[in-house]
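J.: Pasting the sequence and the predicted coordinates here, then a few questions.
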Amino acid sequence: MRDTNPEKFYPAKNGVVQKFDDLPKKYWDNINTEAPFDRKKGDKAALNEAEIKDVVTFLRHAHRRQVATSQAMKQ
């Protein structure tokens, strides 16, 4: 969404959205713009709603597992 609707995330200066203003310019060469990170303003999102839900579910599960493992190691 930061690529397809950058105006929701970045400020505009003279009507031009200032993408990546939250990252020092010296790191801009490290920004991955290959697929699926190659979206342009107005493009369709890389993932559909079901795929997004699957990714969120996976990340939540992975996080919970990491927390549980970390807590078990402290005991």
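T.: All right, it came through fine.

J.: For residue 38, see how far away the nearest residue to residue 20 once chain neighbours are set aside is.
T.: Using Cβ to Cβ, 6 or more residues apart in numbering and skipping the chain neighbours, the partner closest in space to residue 20 is residue 28 (6.0 Å). Quick note: C-beta positions are derived from backbone N, CA and C, even for glycine. Plainly put, residue 28 is 15 Å away from residue 38 if you go by Cβ to Cβ, to the nearest Å.

J.: can you check residue 21 too?
T.: For residue 21 relative to residue 38 (Cβ to Cβ), the value is 20 Å.

J.: Return the set of buried residues in stretch 27-41.
T.: residue 39 (16 or more other Cβ atoms under 10 Å).

J.: okay, now the domains of this structure?
T.: 1-44, 47-75 (automatic domain parsing).

J.: Turn those domains into JSON lines, columns for mean pLDDT.
T.: As requested, the domains of the chain are exported to JSON lines (pLDDT from 0 to 100):
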{"stretch": "domain 1-44", "mean pLDDT": "87"}
{"stretch": "domain 47-75", "mean pLDDT": "89"}
